[in-house]
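[1] Provide a 3D model corresponding to the input given below.
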Amino acid sequence: QLQLVESGGGLVQPGGSLRLSCAASGFSLEYYSIVWLRQAPGKEREGFSCISVSGGSANYADSVKGRFTISRDNAKNTVVLQMNSLKPEDTAVYYCNLKHLLTGEVYWGQGTQVTVSS
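    Numbering: from 1, shown residues only. Prediction:
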């Protein structure tokens with residue numbers, strides 16, 4: 001069965017850290033580019049970080065630059081988003097999205113809730 005499973009969300013105080021994981025099973029993420037998106041209550045889903053197939057290039061929205069780090073481990077079939085210095089405005093459901101380099105095939109994670117609150 002092909003699936004993408006996210007984990008690592010939760011409740012954290014402002015200034016805290018969380019580590020989100022996105023694990024692929026039933027297929028290899030080796031040839032997929034990866035995007036992390038989030039959707040806050042009442043807002044549209046927005047992409048804020050992406051990483052290339054090779055892992056050699058990563059980009060971030062200004063809202064998370066310097067605080068979040070995206071990485072991938074093709075051997076472990078896992079994508080990681082390290083989130084530091086979290087702010088209340090980071091509260092959202094976080095999704096990973098994979099797109100195949102050649103076929104355009106897309107997979108979505110199920111989403112994980114991140115809540116930043118004191």
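[2] who's the residue most central in space within the chain bridged to?
    What sits nearest the mean C-alpha location of the chain, by C-alpha atoms, centre = their mean, is W36, with 3.5 Å. Beta-bridge partners recorded for W36 (DSSP bridges): S49, C96.
[3] Can you give the distance from the strand or helix carrying L20 to the centre of its chain?
    For L20, the element it lies in under DSSP states H and E is strand 18-25. Taking C-alpha atoms, centre = their mean, to the nearest Å, one finds strand 18-25 lying 7 Å from the centre of the chain it belongs to.
[4] can you dump the C-alpha coordinates of that strand into PDB?
    Provided in PDB are the C-alpha atoms of strand 18-25 (Å, rounded to 0.1, in the frame of the first residue of the first chain):
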ATOM      1  CA  LEU A  18       9.100  20.600  17.000                       C
ATOM      2  CA  ARG A  19      10.300  18.100  14.500                       C
ATOM      3  CA  LEU A  20       7.900  16.900  11.900                       C
ATOM      4  CA  SER A  21       8.500  13.800   9.800                       C
ATOM      5  CA  CYS A  22       6.900  12.500   6.600                       C
ATOM      6  CA  ALA A  23       7.600   8.900   6.000                       C
ATOM      7  CA  ALA A  24       6.900   7.200   2.700                       C
ATOM      8  CA  SER A  25       5.900   3.500   2.500                       C
END
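[5] That strand pairs with which strands?
    Strand pairing for strand 18-25, using DSSP bridges, gives strand 3-7 (antiparallel), strand 78-83 (antiparallel).
[6] Quick check: buried residues in that strand?
    L18, L20, S21, C22, A23, A24 (16 or more other C-beta atoms under 10 Å). Quick note: C-beta positions are derived from backbone N, CA and C, even for glycine.
[7] same deal with stretch 71-83?
    For stretch 71-83, the neighbour count (16+ other C-beta under 10 Å) marks R72, N74, N77, T78, V79, V80, L81, M83 as buried.
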